[in-house]
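Peer 1: A structural model of the following input is requested.
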Amino acid sequence: MKKIVVLTLIAGLFTGMSASSQQDKSKRPSPPAKVSETIASGATITINYSQPSLKGRKIGTDIAPYGVVWRTGANEATVFETSKDLKIEGKTLPAGKYSLYSIPGTDKWTFIFNKIWDQWGTLYEENQDALRVDVKPLKSAANMEKMTFKIAKEGKISLMWADVQADLNVK
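Peer 2: The predicted structure follows:
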């Protein structure tokens, strides 16, 4: 009887350690990142995302395929949050939380703000889109191994990855 109790306790200890290590998102191949900024208009914008790495892959073919809706990150959906209504590329996005998807392309990136934000990144539902905007991608100054977002105080949000930079003008 004592052996059963001891074995049960040991098994429970290992199960608890295994579960807690699975919850540590910093150990994932695509670790979580967060960027936040209060822009000139007074809106606070926060982007929570996981950073996929290129690992020798090419955007458009091996990862983030051109012409296809992509989760714009890894793991859970990338969450875009704004404290106030925004104008993104001249179109209105109400204050709130959104999942951020995109359709990458050589001449155009479409950014999609979807109303279902608390989900795994691959569960996209087009009928829940709040806003879509198109931007022309640029060749970035630096080659980025990990996908990275930056928010400038004047209201420019940049997605940078490999030699691609896609900028959103925000007011």
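Peer 1: show me the beta-bridge partners of the closest residue to residue 51 other than its chain neighbours.
Peer 2: Among residues not flanking residue 51 along the chain, residue 146 sits closest, at 4.2 Å (C-beta to C-beta, 6 or more residues apart in numbering). (Each C-beta comes from the backbone N, C-alpha and C, glycine too.) Listed by DSSP bridges, the beta-bridge partners for residue 146 are residue 53.
Peer 1: ok, residue 146 - contacts?
Peer 2: 51, 52, 53, 54, 161 (C-beta atoms under 8 Å, 6 or more residues apart in numbering).
Peer 1: check the burial of the third one by counting its neighbours.
Peer 2: Okay, so that is residue 53. Number of residues near residue 53 (other C-beta atoms under 10 Å) recorded here: 16.
Peer 1: so it touches residue 145, yeah?
Peer 2: Yes - under the criterion of C-beta atoms under 8 Å, residue 53 makes contact with residue 145 at 5.4 Å.
Peer 1: quick one, strands of the chain?
Peer 2: Taking DSSP state E, the strands of the chain run over residues 32-38, 44-50, 59-60, 63-65, 78-82, 86-88, 91-93, 96-103, 109-114, 129-135, 138-151, 156-169.
Peer 1: residue 122: which of these is closest?
Peer 2: When these are compared by C-beta to C-beta, strand 96-103 sits nearest residue 122, at 9.9 Å.
Peer 1: for the closest one, name the packing helices and strands.
Peer 2: In terms of contacts (3 or more C-beta pairs under 8 Å, 6 or more residues apart in numbering; DSSP states H and E), strand 96-103 is packed against strand 78-82, strand 109-114.
Peer 1: check the residue nearest to residue 51 and give its pLDDT.
Peer 2: pLDDT, residue 146: 97.
Peer 1: against residue 102, how distant is it?
Peer 2: 16 Å (C-beta to C-beta, to the nearest Å).
Peer 1: any chance of the helices and strands packed on strand 96-103 in TSV, with distance to residue 32 too?
Peer 2: Formatted as TSV, the helices and strands packed on strand 96-103 follow (distance: least, C-beta to C-beta, whole Å):
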stretch	distance to residue 32
strand 78-82	10
strand 109-114	19
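Peer 1: need the ones you listed in CSV with mean pLDDT, can you?
Peer 2: Converted to CSV, the helices and strands packed on strand 96-103 look like this (pLDDT from 0 to 100):
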stretch, mean pLDDT
strand 78-82, 98
strand 109-114, 98
